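J.: what follows is a protein structure lacking sequence information:
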């Protein structure tokens, strides 16, 4: 996931958009039609998509926070004030309240 919709100074809600079910269905269809050589890779892909699809929205937002922090080179403590600053640097439209809420979710759901 590269972005989360709904981020702005006026809106503190975060909406995670998922399409893993569509991807999983397409992979299952490809697996049903696959040659024996293609099956192992497609089986692994289906398993990965299904495990990702099982993640809660909170887990997805926590993963997104960590990816945004990594994008700006943040390697410190995710529970720190510096992490909130780095998250807001990565996403300038993110309000302070939303950044703190997202940080709490990331702290609560370590990978």
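T.: Thanks, I have the structure now. Quantities reported herein were computed from a predicted structural model and do not represent experimental measurements.

J.: for whichever strand or helix holds residue 62, packing partners?
T.: Following DSSP states H and E, one finds residue 62 within helix 57-71. Counting contacts by 3 or more C-beta pairs under 8 Å, 6 or more residues apart in numbering; DSSP states H and E, helix 57-71 packs against helix 81-90, helix 96-108. C-beta here means a position set from N, CA and C on the backbone, and glycine is covered the same way.

J.: nearest to residue 22, of the ones you listed?
T.: Residue 22 sits nearest to helix 96-108 of all these, at 24.9 Å, using C-beta to C-beta.

J.: which residues in the closest one does the neighbour count mark as buried?
T.: Burial within helix 96-108, assessed by neighbour count using 16 or more other C-beta atoms under 10 Å, is assigned to 98, 99, 100, 101, 102, 103, 105, 106.

J.: that older thread, buried sites along the helix holding residue 62?
T.: Within helix 57-71, the residues that qualify as buried by neighbour count (16+ other C-beta under 10 Å) are 59, 60, 61, 62, 63, 64, 65, 66, 68, 69.
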